[in-house]
Structures are given as structure tokens and as C-alpha cells.
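*Asks:* generate coordinates for the sequence data below:
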Amino acid sequence: MRILEYALALFISYLVLGLFVLLFKRPVLDRLVDKFAKRLMVDPYPENLTEMFNVFSRVGVGNVLETDIRGTSGQPLKRPFGAARRPSPWEQLMFNPVYFTKEPLEQEIKISQQVTIGKRAAKPLTIDLPIMVGGMAYGIGLSKKCRLALAEATSKLNTATNAGVGPLLPEERRKAKKLILQYHRGTWGKDEATLRQADMIEIQLGYGALGSAPVHLLPSEISPEFRSYMDLEADEGLALAARLPEALNGTALANLVRRLRRMTDGVPIGVKLGATHLLEEELEIILRANLDFIAIDGSEAGINYGPGILVDDFGLPTLPALCRTVEFLKRKGLTEKVSLIISGGLFTPGDFLKALALGADAVYIGTSALLALAHTQLTKTIPWEPPTNLVFEIGPAKDRLAQKVGARSVYNYLRSCQLEMELALRTLGKSSLTELSKADLCALTPEVALMTGVENGVLPRPF
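*Replies:* Down below sits the predicted model:
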């Protein structure tokens, strides 16, 4: 402790000295600044520090830093939160509040945000909030504390959380009212005893930020705790295949769906895939399997092991993927039979409600849930380390996360979104999400109007 006190005193002394120089030694400071400015103005570009400004402007700060990371590792990047850009123009869609054309609803009128996924299933999934936490696996991604915090928060609002490609945690199953399990491209967590504990099963074919690429976790990327939990040897890694071995074609997928439905006594069975321009052709094959739901992951989605090229340059953005899927289901007469979950780059209550108005039954969130979970606790890692060190299983600060505090923060975030969406529905004159439609929206550009099928709000509306 004495050493810390001496170090703190030394730091304060240097700080005071620095302030003294700045305040009372202006001539010294002036000479330093003048000399530096002159160098910037007279040195040729190859010797001038401002050349970096030109590089950052032309190449982009992120690209410069990722170039350095690639130059250091020699391996594909693993960017945790997806692409920096957001190609889906959600901000070009606006809701239409009502005054006399329809009555807005007063505070005492109850608003329902309840939705049911897999209405035809023997055991459909009914949730009170159409915002679910998407698949972020224990060990491969998040720490156990994070998984349990998410389970606790979603349970309080009677919505669902998805276990992702990780193993089932018994503690998570006890905390989560509604737990979605993935039948994934790995080899673990597929036994009947595990799958029978699911409230819904999602057959995972790929991600918006990864496509169908195989995943290989090196032994160094697996924590000792997770290694012990998975009973792995010290030199053993984990792998997800490019293709789901049990569903190499449409016929095999249909057989798998029937087997899972029998095994689980009728919970909803669906498929998750990353959006693609080949969407309709893929859905034509996939939906022959008699699914209860489909989960579409747009290219704006994030994943903790997403290589830069797949995150930035593959897939279809969330908004056009949503609109095309809705249109496909409508054309095939499946709108009332197959539920639709959309995800990827959805961050605000406005984003969620717009997706629902355009035809989604529910949304998945990931990044925003983790940001809410870390909340003020990120002060435990910044400024020297990123918040991912607090929430990821391999993060050195994972043990410093307060689980109860994180659960409360996620609950508060979801509850805030729920209340804002309720206010929006009142302003639209809707007492239930089932009354919401694309007629409640207008578009601010002709391109978005054409993409979504909603009216162009810039042009006068005929009446």
C-alpha cells in the first residue's frame, strides 16, 4: 500500500508541475508549439507527420489499425461486433402518428406486445416482449456470468434467450423461463436429454457476419474453465463444420426437423441462416422441411469470431432481407404458418418496431444486450482494455463482472424499450402488435419506398 501511495503522490506532483509549466511558463510553451507548427508547414511529405492525417483520411482509421493487426498476427481478424457501416437505412422509415384519422390511445388502455412463435407447433413459444437475446454461446463467446445475467433479465420480462452454439448450462436452464437451444454445426449438445430441455430449437446453418464458413477455435482461445466443462485435452480445440452434417440437403433437413419435433414433443423447430441475395432459392429448399419459424440474420450482425472479409463483404443487409423474406412467405401462403425472426444491426426500440411493422414476428438482439450488460461496469476495464475483456470467456476481467448488476442493467434496457414501443403503439392508435402493419410507416426516399413497399412520405398522399 505504501508503494501505491508513493506512486500516487509522484503522479500528482508531475501533474501539478505540468500545470505550472502550462500556466506560468507560456513563453516555453509558445516556443515548443511554434517549433512544432513550423515543422508541419515546411517539412516535405515523406518527413511530415501530417502524412498520417492524409493516410487516415484516405484509408480510414479502422482500416489502418486492422492492417497493423493483420501484419502482426498473420491470421484472419476476429472482429467482435460486426461491420462499422450500417447499410440498412432504417432512419429513412418513419411512423405515422394519428390525430383524427384514428384515435390515439390513452394511458389507461392496456397495450399488448405478446407474440407467439410457431403457432402450429404443439408447444408454441409465447413471449410478452418481441425482443429476444440472440445466440451468444457460453465459452466460445460469453462467460458464464454473462449467460446467467441474460437469462435472469429476459425471464423477468417473459421473453427468451438463445444459448447459441455453446453447451447447455444447468444454471442457465434454471434461470431462464424461455430458453432457445441451437442444433448447430458442432458435435456437442445434441443428445436427447439436452434437447428436450429446450423451449424452442433453432437449426443453425450460418450467420449474417460469418455466412456458412467453418469455425476453428485454437486451444489458446479456450479458457481453462471452459476446457474443463467440455472435457477437452490441453492441446484440443473446437470446430464448427461448414455444413451441418445431419442436414446436407433439403431431404435430410426435413428428416432432422421431424426427428427433433418428435424428440421434444412439439416445441417450435426452425432454421437460422445468414441473409444472401440467393435468399428466395435458399428459402424454397429450407421451407419444404415444414418449419415452425425461420430466423434471418442480416449482414450487419456481429459475431465474436467474425473475419473482416466475411463481416464486411458478404451477405445481404437486414432491411432488404426482411422485406424479401416477408414477400416470399406471403407469395407462398406461409405468413400465418411460419413465424419470422429478424436480426442484425437492430439497436433501438424504433428499429425493433419498424422491423415488426414490416412483417417480422420478433427480433433478436446481441450487441445492444452486451452493451447494456456491461453498462457502468465497463469502468473496470477502460481505458486500458476494451469492454469485451469483461464479458467474453477468454477476457482477463471476466471475474470482475457483477452478475446481478449486469442482469438488472439488461432488464432496465429491455423494459425501457418495451415502454417506448408501448408509447409508439398508443400514438399509432394500436392496442396490440398484431394490429401493426407497413401501412403505419412512410418512406423518406423513393428507393426505400420501393424496397419496403410502404408509401413515399415525401410525396402528397391521395385521399
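
*Asks:* from here on, just use CA atoms for contacts and neighbour counts.
*Replies:* Noted.

*Asks:* domains of this structure?
*Replies:* Structurally, the chain divides into domains by automatic domain parsing as follows: 14-73, 90-456.

*Asks:* of all the ones you listed, which lies closest to Pro80?
*Replies:* Checking those against Pro80 by Cα to Cα gives domain 90-456 as the closest, at 3.7 Å.

*Asks:* off-centre distance for the closest one?
*Replies:* 7 Å (Cα atoms, centre = their mean, to the nearest Å).

*Asks:* for Lys119, which non-adjacent residue is spatially closest?
*Replies:* Lys337 (6.9 Å; Cα to Cα, 6 or more residues apart in numbering).

*Asks:* that neighbour and Asp292 touch, don't they?
*Replies:* Yes - under the criterion of Cα atoms under 8 Å, Lys337 makes contact with Asp292 at 6.9 Å.

*Asks:* of the two, which one has the most company?
*Replies:* Asp292 (25 against 17; other Cα atoms under 10 Å).

*Asks:* per-residue confidence at the nearest residue to the more buried one once chain neighbours are set aside?
*Replies:* Of all residues beyond its chain neighbours, the one nearest Asp292 is Gly118 (4.6 Å), with distances taken as Cα to Cα, 6+ apart. pLDDT recorded at Gly118 is 97.

*Asks:* can you pull the buried residues of stretch 250-257?
*Replies:* Gly250, Leu253, Ala254, Leu256, Val257 (16 or more other Cα atoms under 10 Å).

*Asks:* before we move on, back to that, assumed the residue nearest to Lys119 was part of a strand.
*Replies:* No - under the criterion used here (DSSP: H, G, I helix; E, B strand; the rest coil), Lys337 is coil, not part of a strand.

*Asks:* before we move on, back to that, quick check: neighbours shared by Lys337 and Asp292?
*Replies:* Residues touching both Lys337 and Asp292 by Cα atoms under 8 Å, 6 or more residues apart in numbering: Gly118, Lys119, Arg120.

*Asks:* how many other residues sit next to the last one?
*Replies:* Close neighbours of Arg120, defined as other Cα under 10 Å, add up to 18.

*Asks:* specify the local secondary structure of it.
*Replies:* coil.

*Asks:* tell me the contacts of it?
*Replies:* Arg120 neighbours (Cα under 8 Å, 6+ apart): Asp292, Lys337.

*Asks:* 10 Å instead, please
*Replies:* Gly266, Val267, Pro268, Leu291, Asp292, Phe293, Glu336, Lys337, Val338, Ser339 (Cα atoms under 10 Å, 6 or more residues apart in numbering).

*Asks:* ditto for the second one
*Replies:* Going by Cα under 10 Å, 6+ apart, Lys119 touches Leu125, Thr126, Pro268, Asp292, Phe293, Glu336, Lys337, Val338, Ser339.

*Asks:* pull the number of nearby residues for the third one.
*Replies:* Per other Cα under 10 Å, the neighbour tally for Pro268 reads 28.

*Asks:* that one touches Ala198, doesn't it?
*Replies:* Yes - judged on Cα atoms under 10 Å, Pro268 makes contact with Ala198 at a distance of 9.5 Å.

*Asks:* and for these two, which residues touch both?
*Replies:* Joint contacts of Pro268 and Ala198 (Cα under 10 Å, 6+ apart) are Ile180.

*Asks:* what segments of the stretch 301-450 of the chain are strands?
*Replies:* 339-343, 362-365, 441-443 (DSSP state E, counting those that start in this stretch).

*Asks:* what average pLDDT does the first one get?
*Replies:* In this case it means strand 339-343. Here the average pLDDT along strand 339-343 is 98.

*Asks:* for that strand, packing partners?
*Replies:* When contacts are defined as 3 or more Cα pairs under 10 Å, 6 or more residues apart in numbering; DSSP states H and E, strand 339-343 packs onto strand 115-117, strand 131-133, strand 269-274, strand 293-297, helix 318-331, helix 349-357, strand 362-365.
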